[in-house]
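*Asks:* Based on what follows, work out the 3D shape:
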Amino acid sequence: MFNQQSQPQTPTHVITPSQWVNFGWLTMVPATYFVHPYACALAVVIFIYKYFDVDYWRYEFYDDCVVERRGVFNVTRESVNYFRIKSIMIDEPFWMRLLGLSVVRVMTSEQYKPVIEFYAIGNSQGVKQYLDYVTRQSRKEMRIRDFDVFNSNY
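*Replies:* Reported below is the predicted structural model:
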(Lines give C-alpha, C1' and ligand atoms only; values in the text may rest on other atoms or scores of the structure.)
Protein backbone atom coordinates (compact mmCIF):
# COMPACT_ATOMS: atom_id res chain seq x y z
CA MET A 1 0.00 0.00 0.00
CA PHE A 2 2.67 2.50 1.02
CA ASN A 3 6.07 2.48 -0.54
CA GLN A 4 8.41 1.92 2.40
CA GLN A 5 11.49 2.07 0.18
CA SER A 6 11.10 5.70 -0.81
CA GLN A 7 13.28 8.27 0.90
CA PRO A 8 11.61 11.06 2.85
CA GLN A 9 11.73 14.32 1.00
CA THR A 10 14.01 17.02 2.37
CA PRO A 11 12.93 20.65 2.10
CA THR A 12 14.71 22.89 -0.38
CA HIS A 13 14.25 25.96 1.87
CA VAL A 14 13.21 26.44 5.48
CA ILE A 15 12.23 29.78 7.01
CA THR A 16 11.13 30.57 10.54
CA PRO A 17 9.34 33.52 12.14
CA SER A 18 11.39 35.99 14.13
CA GLN A 19 11.52 35.83 17.92
CA TRP A 20 10.70 39.58 17.93
CA VAL A 21 7.03 38.56 18.02
CA ASN A 22 7.61 37.56 21.66
CA PHE A 23 8.88 40.97 22.73
CA GLY A 24 5.51 41.84 24.30
CA TRP A 25 5.56 38.66 26.38
CA LEU A 26 9.12 39.42 27.47
CA THR A 27 8.13 42.89 28.67
CA MET A 28 5.29 41.34 30.67
CA VAL A 29 7.80 39.55 32.93
CA PRO A 30 9.27 42.64 34.66
CA ALA A 31 5.93 44.47 34.51
CA THR A 32 4.11 41.73 36.41
CA TYR A 33 6.88 41.52 39.00
CA PHE A 34 5.59 44.75 40.51
CA VAL A 35 2.04 43.39 40.59
CA HIS A 36 2.67 40.06 42.31
CA PRO A 37 5.48 37.47 42.31
CA TYR A 38 3.05 34.70 41.26
CA ALA A 39 1.91 36.82 38.33
CA CYS A 40 5.57 37.21 37.37
CA ALA A 41 6.09 33.44 37.57
CA LEU A 42 3.06 32.90 35.34
CA ALA A 43 4.41 35.48 32.86
CA VAL A 44 7.75 33.64 32.78
CA VAL A 45 6.02 30.34 32.04
CA ILE A 46 3.95 31.95 29.26
CA PHE A 47 7.04 33.58 27.78
CA ILE A 48 8.95 30.28 27.78
CA TYR A 49 6.06 28.52 26.06
CA LYS A 50 5.73 31.31 23.46
CA TYR A 51 9.49 31.21 22.87
CA PHE A 52 9.40 27.49 22.09
CA ASP A 53 6.22 27.90 20.03
CA VAL A 54 8.01 30.33 17.71
CA ASP A 55 11.22 28.28 17.83
CA TYR A 56 9.46 25.15 16.54
CA TRP A 57 7.31 27.06 14.01
CA ARG A 58 8.71 26.72 10.51
CA TYR A 59 7.78 26.89 6.87
CA GLU A 60 9.30 24.13 4.77
CA PHE A 61 9.48 24.53 1.00
CA TYR A 62 9.54 21.28 -0.96
CA ASP A 63 9.62 20.64 -4.71
CA ASP A 64 5.83 20.49 -5.02
CA CYS A 65 4.39 22.09 -1.87
CA VAL A 66 4.96 24.33 1.12
CA VAL A 67 4.37 22.94 4.63
CA GLU A 68 3.66 24.97 7.75
CA ARG A 69 4.86 23.05 10.79
CA ARG A 70 3.79 24.41 14.14
CA GLY A 71 3.46 23.13 17.68
CA VAL A 72 5.35 22.46 20.86
CA PHE A 73 3.49 19.48 22.32
CA ASN A 74 1.01 18.76 19.51
CA VAL A 75 2.55 19.28 16.09
CA THR A 76 0.37 20.31 13.16
CA ARG A 77 1.57 20.12 9.57
CA GLU A 78 -0.49 21.81 6.91
CA SER A 79 0.62 21.64 3.30
CA VAL A 80 -0.37 23.61 0.24
CA ASN A 81 0.53 22.50 -3.27
CA TYR A 82 2.08 25.27 -5.33
CA PHE A 83 -0.42 24.95 -8.16
CA ARG A 84 -3.23 25.77 -5.68
CA ILE A 85 -1.83 29.21 -4.81
CA LYS A 86 -4.17 31.92 -6.06
CA SER A 87 -2.71 35.22 -4.86
CA ILE A 88 0.06 36.59 -2.66
CA MET A 89 0.04 39.75 -0.54
CA ILE A 90 2.76 41.32 1.57
CA ASP A 91 1.62 43.10 4.74
CA GLU A 92 4.10 45.32 6.59
CA PRO A 93 2.72 46.50 9.94
CA PHE A 94 4.50 49.55 11.37
CA TRP A 95 6.22 47.77 14.25
CA MET A 96 7.42 44.99 11.97
CA ARG A 97 8.77 47.47 9.43
CA LEU A 98 10.97 48.92 12.16
CA LEU A 99 12.54 45.48 12.53
CA GLY A 100 12.66 44.60 8.82
CA LEU A 101 9.93 41.97 9.13
CA SER A 102 6.63 41.43 7.36
CA VAL A 103 3.74 39.03 6.83
CA VAL A 104 3.25 37.26 3.51
CA ARG A 105 -0.39 36.19 3.08
CA VAL A 106 -1.09 33.54 0.47
CA MET A 107 -4.63 32.78 -0.69
CA THR A 108 -5.07 29.21 -1.84
CA SER A 109 -7.77 26.92 -3.18
CA GLU A 110 -7.00 24.27 -0.55
CA GLN A 111 -10.03 23.09 1.36
CA TYR A 112 -8.38 22.90 4.78
CA LYS A 113 -5.88 25.75 4.36
CA PRO A 114 -7.45 28.60 2.38
CA VAL A 115 -4.90 31.11 3.76
CA ILE A 116 -1.30 30.49 4.73
CA GLU A 117 0.52 33.31 6.51
CA PHE A 118 4.28 33.51 6.64
CA TYR A 119 4.34 35.54 9.84
CA ALA A 120 7.19 37.84 10.97
CA ILE A 121 9.69 36.85 8.31
CA GLY A 122 12.51 38.79 6.73
CA ASN A 123 13.06 38.96 2.96
CA SER A 124 9.35 38.94 2.16
CA GLN A 125 10.00 40.08 -1.42
CA GLY A 126 12.22 37.05 -1.98
CA VAL A 127 9.57 34.70 -0.59
CA LYS A 128 6.90 36.31 -2.79
CA GLN A 129 9.06 36.06 -5.92
CA TYR A 130 9.91 32.43 -5.15
CA LEU A 131 6.24 31.52 -4.64
CA ASP A 132 5.25 33.34 -7.84
CA TYR A 133 7.91 31.45 -9.78
CA VAL A 134 7.18 27.96 -8.44
CA THR A 135 3.43 28.52 -8.81
CA ARG A 136 3.81 29.43 -12.49
CA GLN A 137 6.23 26.54 -13.10
CA SER A 138 4.02 24.02 -11.31
CA ARG A 139 0.94 25.07 -13.26
CA LYS A 140 2.87 25.00 -16.52
CA GLU A 141 4.25 21.50 -15.88
CA MET A 142 0.83 20.15 -14.91
CA ARG A 143 -0.97 22.12 -17.65
CA ILE A 144 -3.34 23.67 -15.13
CA ARG A 145 -5.27 26.82 -15.92
CA ASP A 146 -6.94 28.66 -13.07
CA PHE A 147 -10.46 29.98 -13.47
CA ASP A 148 -12.44 31.61 -10.69
CA VAL A 149 -16.17 31.13 -11.00
CA PHE A 150 -18.34 33.45 -8.96
CA ASN A 151 -21.82 34.91 -9.16
CA SER A 152 -22.06 38.59 -9.87
CA ASN A 153 -25.51 40.14 -10.02
CA TYR A 154 -24.36 43.69 -10.59
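
*Asks:* For this protein, just list every one of the strands.
*Replies:* 13-15, 58-61, 65-70, 76-81, 85-91, 102-108, 115-121 (DSSP state E).

*Asks:* Of those strands, give the one that comes closest to Phe23.
*Replies:* When the strands of the chain are compared by Cβ to Cβ, strand 115-121 sits nearest Phe23, at 10.6 Å. Any C-beta I mention is one placed from the backbone N, CA and C, and that applies to glycine too.

*Asks:* Now tell me what touches the closest one from outside.
*Replies:* Strand 115-121 is contacted by residues 15-18, 20-21, 59, 66, 68, 78, 80, 96, 101-108, 124, 127 when judged by Cβ atoms under 8 Å, 6 or more residues apart in numbering.

*Asks:* I'd like to know which of those residues are buried.
*Replies:* Among the contacts of strand 115-121, those buried by neighbour count (16 or more other Cβ atoms under 10 Å) are 15-18, 20-21, 59, 66, 68, 80, 96, 101-104, 106, 108, 124, 127.

*Asks:* okay, the strands of the chain in JSON lines with distance to Cys40 next?
*Replies:* JSON lines is the format used below for the strands of the chain (distance: least, Cβ to Cβ, whole Å):
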{"stretch": "strand 13-15", "distance to Cys40": "33"}
{"stretch": "strand 58-61", "distance to Cys40": "30"}
{"stretch": "strand 65-70", "distance to Cys40": "28"}
{"stretch": "strand 76-81", "distance to Cys40": "31"}
{"stretch": "strand 85-91", "distance to Cys40": "34"}
{"stretch": "strand 102-108", "distance to Cys40": "31"}
{"stretch": "strand 115-121", "distance to Cys40": "26"}
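
*Asks:* Val72: what's its closest spatial neighbour, skipping adjacent residues?
*Replies:* Excluding the flanking residues, the one nearest Val72 by Cβ to Cβ, 6 or more residues apart in numbering is Phe52, at 5.0 Å.

*Asks:* now swap in Trp57 and tell me
*Replies:* Closest residue in space to Trp57, ignoring its immediate chain neighbours: Arg70 at 4.6 Å, by Cβ to Cβ, 6+ apart.

*Asks:* doesn't Ser102 make contact with Met96?
*Replies:* Yes - the criterion here is Cβ atoms under 8 Å, and Met96 meets it with Ser102 at 5.7 Å.
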